[in-house]
Structures are given as C-alpha cells and as structure tokens.
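> Okay, predicted coordinates and the sequence, questions at the end:
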Amino acid sequence: MKAVVKIKEGAGNVQVMDVAKPVTNRDEVLIQVKGAGICGTDLHILNDNSYPIHPPVTLGHELSGVITEIGEDVRGWNIGDRVVSETYYYTCGHCFFCKTGKKNLCEDRLSIGSGVNGAMAEFVKVPAANLHSIPEGLSFEEACMTEPLVCCVQAVFDHAVLQPEDYVVLTGPGTIGLFTLQAIKLFGCKVIVLGTRKDEDRLKLALELGADKVMHVEEPDIVDQVKAYCNGRGADAVFECSGAGSAITLCMDLMRKGAHYTQVGIPSKSTAIDMGKVVLREYVIEGTYATKPVWWDKTIKLLEEGKIRLKPLLSSACGLDDWEKGFKKAAAGEGFKHILCPSAQEG
C-alpha cells in the first residue's frame, strides 16, 4: 500500500512509498483511511527535529475511515463502521498520569503518526479502545478534523472556568483558534478575536462563527481598545491559539486582575513571560496539551447536536501522491485545514 513516510530524522526525508499493509493484533482494528488531516506536528516532523519520532514512520494522526478488519478480542465494532480514533497507540496504564485520566501526559506514550505508523496511508491499525463512531451526516473529510477539535474542547471545558457574559480574548484565528472560539461561545461569553491585517478573511469567518468583535493587533492602542470593550477592566479569560511570542506578550496586558490565561497554541520557541505581572495581578496561567479520553465523548456529542461546525474550516483535499502540495499550503497558512484522502470516499 502507499504511505507518506518519514524515512529518517532531519529536515525533509519524507516521501511516498510502498509499505506493507498493517497486521492487526487481537485488540486492534484495521481502518481504510478516508481522511487524514495535516497538522502542525506533521510540519515539524517534516522540517526539523523538534518533535520526537521513531523513523521510518508513516505520518498522520488526525484520521477518519472505515473498519475493514477486526481483531479476535474486539467487541462492539463491525466491519464497515465509520470511525475516528484517538491518537494514542500505547500508554503504560500504571503511571500517575494514566491513573488520573491524563493519558496525554504518559511518559511512555507512543502516538499514531510519530511513535508508530500513522494515517497518511491507505490503511492504519489502531487499538479498538480508541475508536469513536462518526456522527450521522458528517463526511469523512469533516470527521478527520475531530482530533484537533477535541484539543480545543478540552482547552475550554477542562481549564478556564467561564461564566455567561464573561469577556474572553482569543488570539490566533486559524483552525485551532476558530474551533476554540466555537467551544467558548457555548458558555455564552462575549469573545474578541485578535489577528493581524493579513488575517482579514479569517477574522471575517470568526464573526460568522460567533465572535462578538474582531480587532487587529497592529492597532497602536489595541490594549486600550480591548479594555474599553471589556468594561474597562480587561478580559476575564484569554485563550492564546497562535503560539506566537508577540501574542503571548500582548495577552499579559489584555487581562483584568485575577484573569485566567490558557496557552493552546504550541510556541515554536521559548518565550519570556513577565512573572511580575503574573504575581501582582494574580493571573492564573495554564497550558493544555493533546487530548484526554473523556473529552472525545464530549466532543462527539457536541457534533451530534450540531453545536460546532467543521465544514467551514476545510480548505483543501488531495491524494497521497500530492502530499507536498497539501503540506505547502498548510505551512504557508493558506486557508485553514488541509487533508489527504488516501482512498476513494463515499459520504
């Protein structure tokens, strides 16, 4: 079968090649991949050594598809079921983090698409325990965006304590930012989305998806504008979704005293935070990483109820042979989510 493979460490070293079809273990299923999202993690794996991998390894951890084979110990699933999968392939199950429901932080975690072969291939095998049914009416292309959406739902529901009518600032109106926006709006908050002047189309979509106000970070009085909108005090909560150092620094001046700050976007380099402001203003600062199993169920329910929209963020789809085109669009920040479609799709 065809697969997009990182053949060795270092910049580049990714190519489409023929590899063996996966052989499932007793507790696994084989999935014919219908959609595989291109993530920032995949770009890091392509371009540098900042993300741990075990090459040669097939890329891709955002996936949707159809079950084609079932291990003998698997119960509750059938051939032909439309599914998405959590991204863990292995967690130890006995460390502090696993025992407290935080498998995302397991020190021995192996992830699909980096630690073991992933979904940018015609077929991928995953533990049956990781599976979730695709809601009726959701296409495979949309469904493969479930994993990044779960990250955002977790960021909002598991970290900040939001109340109706809270003022919330969100920076970084990309895919992650606009998924996070939709999750925040479920709490009835007033959301200001900040972006650059180059983000005009993204800010327009932010308004369509529920943002109450959009602003440009280049405005010389942006801090005053935000505070004025937030009853003169500043935001009750901030979600920083870009990972940009300049955005992180700016956010420290946009919050009221005692506000909650959640870092959602992963910074590409170390960024200094003025801890004096954190202490004197009693900020609460948290990070959020990957996904905990409990938030998959919550996210699937939100999709079933039609409370979050995926389709507006789907920008392009291409086959495995054209993977470089998709990766280049993602790296250039064109549109929002770009996906690969390894096999013919139906609905």
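Thanks, I have the structure now.
> pLDDT averaged over stretch 204-214 - what is it?
Stretch 204-214 shows a mean pLDDT of 99.
> what about His46, neighbour count?
Wrong residue type there; residue 46 is Leu, not His. Leu46: 21 surrounding residues under other CB atoms under 10 Å. In this view, the C-beta of every residue, glycine as well, is placed from N, C-alpha and C.
> three-state assignment of it?
Secondary structure assignment for Leu46 (DSSP: H, G, I helix; E, B strand; the rest coil): helix.
> Skipping adjacent residues, who's closest to it in space?
Val14 (5.3 Å; CB to CB, 6 or more residues apart in numbering).
> Now stretch 31-51: buried residues?
31-42, 44-46, 51 (16 or more other CB atoms under 10 Å).
> Sort out for me which of these are in helices.
Gly40, Thr41, Asp42, His44, Ile45, Leu46 (DSSP state H).
> out of those residues, who's nearest Ile222?
Gly40 (25.5 Å; CB to CB).
> The closest one contacts Ser268, correct?
No. Applying CB atoms under 8 Å as the test, Gly40 and Ser268 come out as separate, 9.0 Å apart.
> what touches both of these two?
When CB atoms under 8 Å, 6 or more residues apart in numbering defines a contact, no residue borders Gly40 and Ser268 alike.
> circling back to that earlier point, okay, the ones in helices among the buried residues of stretch 31-51 in JSON lines with distance to Ala129 next?
Shown next, in JSON lines, are those (distance: CB to CB, whole Å):
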{"residue": "Gly40", "distance to Ala129": "26"}
{"residue": "Thr41", "distance to Ala129": "22"}
{"residue": "Asp42", "distance to Ala129": "24"}
{"residue": "His44", "distance to Ala129": "27"}
{"residue": "Ile45", "distance to Ala129": "25"}
{"residue": "Leu46", "distance to Ala129": "29"}
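> Reformat the residues you listed as TSV; add pLDDT and distance to Ala244.
What follows is these, written out as TSV (pLDDT from 0 to 100; distance: CB to CB, whole Å):
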residue	pLDDT	distance to Ala244
Gly40	91	13
Thr41	91	17
Asp42	95	20
His44	91	16
Ile45	94	21
Leu46	95	20
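> Helices of the stretch 151-300 of the chain, residue ranges please.
175-185, 200-208, 222-229, 245-251, 275-280, 293-304 (DSSP state H, counting those that start in this stretch).
> between the first one and helix 293-304, how big is the angle?
So the one you mean is helix 175-185. Here the directions of helix 175-185 and helix 293-304 differ by 80 degrees (axes from the mean of the first three to the mean of the last three CA atoms, to 10 degrees).
> CA atoms only: put helix 175-185 into PDB for me.
The C-alpha trace of helix 175-185 is given here as PDB (Å, rounded to 0.1, in the frame of the first residue of the first chain):
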ATOM      1  CA  THR A 175      -8.100  26.300  12.600                       C
ATOM      2  CA  ILE A 176      -7.400  25.800  16.300                       C
ATOM      3  CA  GLY A 177      -8.500  29.300  17.200                       C
ATOM      4  CA  LEU A 178     -11.800  29.100  15.400                       C
ATOM      5  CA  PHE A 179     -12.600  25.600  16.900                       C
ATOM      6  CA  THR A 180     -11.700  27.100  20.300                       C
ATOM      7  CA  LEU A 181     -14.000  30.100  19.600                       C
ATOM      8  CA  GLN A 182     -17.000  27.900  18.900                       C
ATOM      9  CA  ALA A 183     -16.400  26.000  22.200                       C
ATOM     10  CA  ILE A 184     -16.200  29.200  24.200                       C
ATOM     11  CA  LYS A 185     -19.400  30.500  22.700                       C
END
